[in-house]
Each structure stands twice: as structure tokens, then as C-alpha cells.
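Colleague: Turn this into a model:
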Amino acid sequence: MSLKQVDAVPGADEMPLVSVVVPSYNHAKHISKAIDSVLGQSFSNFELLISDDCSPDNSWEVISSFTDPRIRTFRQERNLGPVGNLVFLIQQARGRYVALLNSDDAWYPSKLSKQVAILDAQPELGACFTWADLVDGTGQEISGPEAIWNDVFRQPNRTQGEWLKHFFLKGNCICHPSMLARKEVFETLGYYNPGLRQLPDFDMWIRLVKQFPIHVIQENLVAHLRDGNNTSAVSPENSARNLTELVEIFATFFESLPDHVFIDGFSEYFRLKGVPLTPARLEAEKFFLLLDSAFVQASGKAAALSLFIKRCADPEFERVLRDEYMFSVFDFYRITGQTGFGHFLMAAHHAAAPAPASVGGTLASPSGQSRVIYFLKRVVRRLRRELQRISA
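Modeller: This is a model prediction of the structure:
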């Protein structure tokens, strides 16, 4: 554990009910408000864990100015990254429940009390979330393109299968800093994946609702900052990472999913109706869902191709696809020749390769240049479509 300082907490032998974790990085102008919003909760049986991840501004000085005995502070000696810092904090948590607050967000006073009441009363729930107000850097409700997220986060309650269907067809719709989860959820599912920069929360929600029901309090109890500098802000780099991370998320979307949850969420989209749902048929339905229906089609299709390659050695899976879905390995070959990462890789390879010295080299000939231009245009068109879909 690489830390410069760990503050002891008076009464540390008394286990708090809630552990509030605040990963801090470069938010000196916002973090005081975030901390105050936790200390001002009407519910008081909590510990507040704050870890500063080598902030270049004076975040640590602001954090250190608070003296409430419920606060435990950590100063990292090396940068862990946003997900690594969050995982570190969850691992330190002693409470039965874990709540996340970003260092540039804030809670309204009754948030924890209302969520704790829900989880105490419904032990089957894995987590409780809330609606949120989206605010700018001055604390005012946002307007303009970012305002669409106001509606995105205002979700009804659903069954586990219905949540998965929404995630698959529409994408993420849960406000991360509204989370209050049972600590055992992380012990069961594992922690956030540090390999995901843009979508670690989305990946976690998918894993969560596969195994646990959740509840959303339909009341704005979080002030969530959207100022164009967030991890989720639209930029070419963030959008490219989104597409890449979605391939990995879709590749495992249906793994470790109980059959009854899958059927509850997706049976209306099954290609075969009125037949017994054997394991091979369920796998086939998952393949076709990924191939045709994921909310970002390019990423879903790439995951579908990966699933087919992993499963096609199973004779029953191959037989069911061929005889019942009229889809053979030759149909798969046709798809891989027309779509998938092969075209992106081919274009990237040609674009990155130096021009050969011989006139017969790819970039040295008009025909070779035309092929490169053709592939690059296809890549640009596809990326534009996916960026428009993500931003919509």
C-alpha cells in the first residue's frame, strides 16, 4: 500500500453502517462542497474515506483541513488512476454498505437515510440508486446538449432481466455517485475493472443486475457535475475508448447469466418461438442478439464474432445454428469478410506502413493508394455513425 498518510479515526473499534468513499483527483475547487455534503447528511452512522491520487493542485490541503472524526484520509504516493483509486477505497471500507461520491459531485441531505432504509427493509437488493440533478461548475442546472442526461438518469424500477435489456439496447442509465451497495456485492462480483477507463460503472451495473435486484429512488438526491471535463465528456479519445471497451463488455454481457433472467429480459427478441429453450438454443439467441441488436452495433457485432469462434467447436451449437436457425459456418465467413475489426485493422495497417521504395508497393501505386483511401473512408463513415449513436 503506497501511502504518505493514513489518519486514524477515534472510535475505530465501532463499525460504521455505511462507508462513503471519495476518490480525489485535481478537484480542489469542488471537493470541499463534496465533503460538506456528506458531513451534512441527516444519517450520521458512516465513515468517510477520501483518497487523493497525486493531485497536482491543492486538493490534499483542502482535504486535510477537515477534522471530523468520521473521516479517514489517504494520500497515494503513485498515481493509481480513477478506477484503481476507487477500488483501493472500497477495499478499506468497514461498513455494511458502500456509497460512492465523486470529488466534484454533491449529495442532498436525505440521500443516505432514504437509501439505508430501502436496503435495510429489502435484504434481497444488491444496491440502491437515485435520480440526479445535473449541474454546471457554478452549481446551476445545466442546459444545452448535456441536458439530455437529465432524462437518461430518471429511470423507473425494473426486473433484473428488464435492466439488462435496457443496458443492452440503450446503454448506461444509472448515475454512478447515487450508488449505495452492499459490501458483499463487491465480495461476490469482484471490484471495478481498472482496464476500463470510460465504462467501469456500466460494466459493474451489468455484473450487478445479473446476480442481484436493484432499486432506484425516483427522487433527485445527487447534484452531478457535467462541465465538459468529466471522464464521460465527448471527445475523439473518449469515444474511441468507448467503442473499444464496449467490445469487451458485450463479449461477457451474457456470461454467468441465469437462464431465467435472460429469458425474462430478452425472450421477445428470440428468433425461435414456441420451442424448448435448450442450452444450445439459448447460446444461439445470445449470438444473434449481439450480431443484430446491441445499442452500438459495431462493438456488439465484434463481440458476436468472438462468441461464435469460441462456441463453434461445440457440435450441438453448430448443429442448432445450421439446422434450426439456417446459419452455417459459411454465413459466418461471409460476415467476417464484410465487417468486424478486420477492416479497421487493414486500414490502420496500410495507413501506418511506410511507402515501399518499389513502384509495385502499396502506397507507391495509384491502385494501392485507392485501396487505402477506400478503407479509410469506410472507417471514417463507421466511426461517425457510432459517435452519433453514442452522442444521441
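Colleague: Check which residues of stretch 54-69 are buried.
Modeller: Cys54, Ser55, Ser59, Trp60, Val62, Ile63, Ser64, Phe66 (16 or more other Cβ atoms under 10 Å). For every residue, glycine as well, the C-beta is placed using N, CA and C.
Colleague: what does it rub up against?
Modeller: 9-11, 24-28, 31-32, 35, 39, 48, 50, 52, 73, 75-79, 103 (Cβ atoms under 8 Å, 6 or more residues apart in numbering).
Colleague: Buried among these? Make that a PyMOL selection.
Modeller: Per 16+ other Cβ under 10 Å, the buried members of the contacts of stretch 54-69 correspond to this PyMOL selection:
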select buried, resi 9+24+25+26+27+28+31+32+35+48+50+52+73+75+76+103
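Colleague: Any regions of the stretch 1-150 of the chain where pLDDT drops low?
Modeller: Within the stretch 1-150 of the chain, the stretches with pLDDT under 70 are 1-13.
Colleague: for it, what spans make up the helices?
Modeller: 28-39, 59-64, 81-92, 111-121, 148-152 (DSSP state H, counting those that start in this stretch).
Colleague: how about those helices in JSON lines, adding distance to His215?
Modeller: Formatted as JSON lines, the helices of the stretch 1-150 of the chain follow (distance: least, Cβ to Cβ, whole Å):
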{"stretch": "helix 28-39", "distance to His215": "21"}
{"stretch": "helix 59-64", "distance to His215": "32"}
{"stretch": "helix 81-92", "distance to His215": "20"}
{"stretch": "helix 111-121", "distance to His215": "6"}
{"stretch": "helix 148-152", "distance to His215": "18"}
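Colleague: Among those, which comes closest to Arg311?
Modeller: helix 81-92 (30.2 Å; Cβ to Cβ).
Colleague: Off-centre distance for that closest one?
Modeller: 15 Å (Cα atoms, centre = their mean, to the nearest Å).
Colleague: name the helices or strands packed onto it?
Modeller: Other helices and strands packing on helix 81-92, by 3 or more Cβ pairs under 8 Å, 6 or more residues apart in numbering; DSSP states H and E, are strand 18-24, strand 46-52, strand 71-76.
Colleague: repeat that for 10 Å
Modeller: Judged by 3 or more Cβ pairs under 10 Å, 6 or more residues apart in numbering; DSSP states H and E, the packing partners of helix 81-92 are strand 18-24, strand 46-52, strand 71-76, strand 97-100, helix 183-189, helix 200-211.
Colleague: Could you check the longest strand anywhere in the chain and say which residues are buried?
Modeller: Longest strand in the chain, counting residues (DSSP state E): strand 214-225. Neighbour-count burial for strand 214-225, counted by 16+ other Cβ under 10 Å, picks out Ile214, His215, Val216, Ile217, Asn220, Leu221, Val222, Ala223, His224, Leu225.
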